[in-house]
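In: here are the coordinates; sequence isn't available:
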């Protein structure tokens, strides 16, 4: 291994320049298969949890941060991926490959999954719903081969291998990372200009920050993976940033003219906080393109300054931020917002922020004073500034929480546009807000599945404190929607899919089973009853069917509909007998971290309710069960969506259909837990079926929310009229079958 020579902690660039072509010969690039290149991962960086092959040839897996691993290779053609988990049965719960827009689906054999990956693609792989900071996740970066290394007197080559210390280029320098190079330190762009960072290398930052407090905001060298301080005209291509300590990943203070391309940022820390992806503190005029972010805080953030948490620091006026563009990227966070602008008491102006043509893989859940959203602007407690020209457009939303949380006191936020926002498969979990001096917010083709939102209730959005009502643009001439016939089908049965016609349009279908087709009318057979994420129970599985429509002028639209293939039906109750409206509930006082075994317990309170509510009569820590019948209007494959803060479970005809994840505490003093979400599918014949809902009330309060949908029934809350009950002993007998 070739090692750097360092002088007083600063990389000795002249010595590396002298090594010249000899260094390149040691770069360690290996050909995995024809047209595929991957570099070895040094032993101290290697992970053993996942074993990965590309076109049947093994590639090294690198450990990033927390429980995150990644694989990086270059290819100009599609490849066959095989991923084996060291933990037996790891994939039994299902496989979630994002972005969902790609329509990828794996095949599974024991602990191994396989699928075909397009070139120039960055994806996240985990188990369905398991994407918070303790999740085991694998990121795959299939890039395009980098350009040959440049030459010249100011060019430094970083060879393959592990190198300790930091990079401190001077104005006019170019640094080229050979594939397989790992720098354990920082890239300090301190008062420099006209710098280029090229190639295919990795910076691993694990600094001295206190893991229990926030001092990651500090502006100083060796405090971030990349820091730009009064730096200008910097190009960074093909770099991977790994951040393990509690600090902001990339911080730019009063810096302009940055161009990031093919950037990969992975951050994780035990505190699950204060680890933004990229921050602008003044400055701007920057572009981030074809990049990937996995952060333990906001993915993208703007502030005028950040000098600490004292009162004087918070109210000190900051510099303006303008003209920031993030495009063609994938964004994932374990907590907080995808985009964060503004902060309480902060004083600065901003204009022209755009996030476009990108995928939201995982948005943060919960709240930190303000609820998290795709966009959060928290201008509270005396914040001042004129903020204009915020545009989010052409975004697909996979796992997410809310659309926008926008607040400003003075003087104004204005001209915020949400155009072509496509939520695929999951409804919003909490409402959005507009508060205070906010005006001219436009929602233009914001869609949940195939439905465009046209009013406050559909978003849903709360408007208060003098904010103007948002504007809802009329439906565009090009609109994606489709119907499936028959609406009820079994695996391998032919289903006809018909798109709404649009003159001169091109129709692309992704069936959620790994296959695609083109045309306004197509026929398709779904292969099994496991669903897109392989989380079905061999009875009924939902396939995430996507339709992408484009016209000659470049306009586009997406529609999503979950279609359920039913292999085994649950028959309705055939016995007749009187029923009463509502459900029977039981309350069990106590404090549990997970749902208990109710069969071994005696309730303290009982009663009846028209829906999923109950009277705890003063108890604050308790569990509740609701038992009864649910009326199914027509034979169909139904998908049920369950939401709760402290933990809930849905059981129909004795089968667990959905169960929310463990409690996830909100932060920064926000009380209670975040809403957790789960969904599941089941084939139900028309008529009455036995239903049970179980839920905890430990710190949050409130009742579970239950929604349903089918090919014939748009997504909606299960109405109270669907619930009924018989005598309690009869319900219990059926529930235990």
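Out: Right, received. Where do you want to start? As the structure is a computational prediction, the values presented were derived from the model and not from experiment.
In: CA atoms for contacts and neighbours, from now on please.
Out: Noted.
In: Could you identify the longest strand within the protein?
Out: Criterion DSSP state E: the longest strand present in the chain is strand 375-399.
In: What residues does residue 434 make contact with?
Out: Taking CA atoms under 8 Å, 6 or more residues apart in numbering as the criterion, residue 434 is in contact with 405-407, 461-464, 467-468.
In: At which residues are the helices of this protein located?
Out: With DSSP state H as the definition, the chain shows helices at residue ranges 13-19, 21-24, 311-315, 728-735.
In: Near the closest residue to residue 164 other than its chain neighbours, how many other residues are there?
Out: The shortest distance from residue 164 to any residue other than its chain neighbours is 4.8 Å, reached at residue 184 (CA to CA, 6 or more residues apart in numbering). Around residue 184 there are 20 other residues, counting by other CA atoms under 10 Å.
In: before we move on, what about residue 539?
Out: By other CA under 10 Å, 20 other residues sit near residue 539.
In: gap between it and residue 562?
Out: Here the criterion is CA to CA, to the nearest Å. By it, residue 539 lies 16 Å from residue 562.
In: ok, now residue 465?
Out: Distance, residue 465 to residue 562, by CA to CA: 38 Å.
In: Next: residue 615.
Out: Look at residue 615 and residue 562: by CA to CA, they are 36 Å apart.
In: Which residues lie in contact with the closest residue to residue 558 other than its chain neighbours in this structure?
Out: The spatially closest residue to residue 558, leaving aside those adjacent along the chain, is residue 548, at 4.6 Å (CA to CA, 6+ apart). The contact partners of residue 548, by CA under 8 Å, 6+ apart, come to 480, 507-509, 556-559.
In: if we can go back for a sec, the more surrounded of residue 465 and residue 562?
Out: With other CA under 10 Å as the criterion, residue 465 and residue 562 differ in neighbour count, and residue 562 comes out ahead with 25 against 13.
In: residues in contact with the more buried one?
Out: By CA under 8 Å, 6+ apart, the neighbours of residue 562 are 425, 542-545, 710-711.
In: Could you check the pLDDT of it?
Out: Model confidence at residue 562, expressed as pLDDT, equals 97.
In: and it, what are its bridge partners?
Out: Beta-bridge partners of residue 562, counted by DSSP bridges, are residue 544.
In: Please apply the same query to residue 637.
Out: Judged by DSSP bridges, the bridge partners of residue 637 are residue 683.
In: What count of nearby residues applies to it?
Out: Going by other CA under 10 Å, the residues that sit close to residue 637 add up to 30.
In: looking at it, it is touching residue 564, isn't it?
Out: Yes. In terms of CA atoms under 8 Å, residue 637 counts as a neighbour of residue 564; the distance is 5.0 Å.
In: Widest-spaced pair of the contacts of residue 548?
Out: Checking these against each other with CA to CA, the farthest-apart pair comes out as 509 and 556, at 13.5 Å.
In: Who has more neighbours out of the two?
Out: Between residue 509 and residue 556, counted using other CA under 10 Å, the more crowded position is residue 509 (23 against 18).
In: Now do the same contact list for that one.
Out: Applying CA under 8 Å, 6+ apart to residue 509 gives the contacts 516-518, 545-548.
In: ok, what's across the strand from it?
Out: With DSSP bridges applied, residue 509 shows beta-bridge pairing to residue 517, residue 547.
In: just residue 83 next, same as before
Out: Applying DSSP bridges to residue 83 gives these bridge partners: residue 52, residue 113.
In: what separates it from residue 664, distance-wise?
Out: Distance check for residue 83 against residue 664: by CA to CA, it reads 29 Å.
In: Likewise for residue 603?
Out: As defined by CA to CA, residue 603 lies at a distance of 27 Å from residue 664.
In: likewise residue 45?
Out: Note on residue 45: its distance to residue 664, by CA to CA, is 30 Å.
In: Please apply the same query to residue 256.
Out: Where residue 664 is concerned, residue 256 sits at a distance of 38 Å (CA to CA).
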